[in-house]
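In: Structure, please.
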Amino acid sequence: VPVFCVYRSLLPLQVEESMMDVYDHVYEEVRRNASSFRRHELTAIHKAFLCCGKHSPFGDTTNVERKTCPPGQANDAGQDCLREIQVFLKKHMYFVTTLLGITIGFTVYGMILTSFLWFSIHFSSNLDRKGKYILR
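Out: Next up, the predicted model:
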């Protein structure tokens with residue numbers, strides 16, 4: 001039980017941080033260089049999360065947003081993608097952890113059943129008596 005509690009508290013933070021790192025990496029690559037592959041990636045992220053760009057203290061981001069945001073979203077002030085990713089993860093993380101917990105439960109249950117089957121086969125002396133029955 002303590003392992004599950006630690007897992008439940010650390011997993012959302014790790015997932016959130018890694019998704020934000022991926023978004024920052026792709027966004028900065030598009031800002032520094034006009035690679036069409038990364039620009040398509042960033043456009044797909046913006047469409048998936050219904051957001052546009054991020055608020056960056058390092059410089060003007062309107063050029064990137066103009067190229068990668070869906071029409072009509074480039075000028076919306078409240079559509080920061082980092083915030084939208086956090087909201088999305090908080091909304092759906094309960095479902096993911098529940099599904100993962102059920103999967104772990106079935107895995108442990110299967111391992112217990114398999115170990116009982118192995119012990120019953122391994123320590124059973126009746127299996128080598130095939131054809132040697134004695135009537136009393």
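In: how near is residue 35 to residue 110?
Out: Distance of residue 35 to residue 110, given as CB to CB, to the nearest Å: 46 Å. From N, CA and C alone the C-beta is placed, and that goes for glycine too.
In: Same drill for the two, tell me which one is more crowded.
Out: The neighbour count for residue 35 versus residue 110, taken as other CB atoms under 10 Å, is higher for residue 35 (13 against 10).
In: Skipping its backbone neighbours, what lies nearest that one in space?
Out: Nearest residue to residue 35, sequence neighbours excluded (CB to CB, 6 or more residues apart in numbering): residue 29, at 6.5 Å.
In: what pLDDT does the one you found get?
Out: For residue 29, the model assigns a pLDDT of 86.
In: Give the helix, strand or coil label for it.
Out: At residue 29 the chain is in helix, as set by DSSP: H, G, I helix; E, B strand; the rest coil.
In: count of neighbours near it?
Out: Neighbours of residue 29 (other CB under 10 Å): 16.
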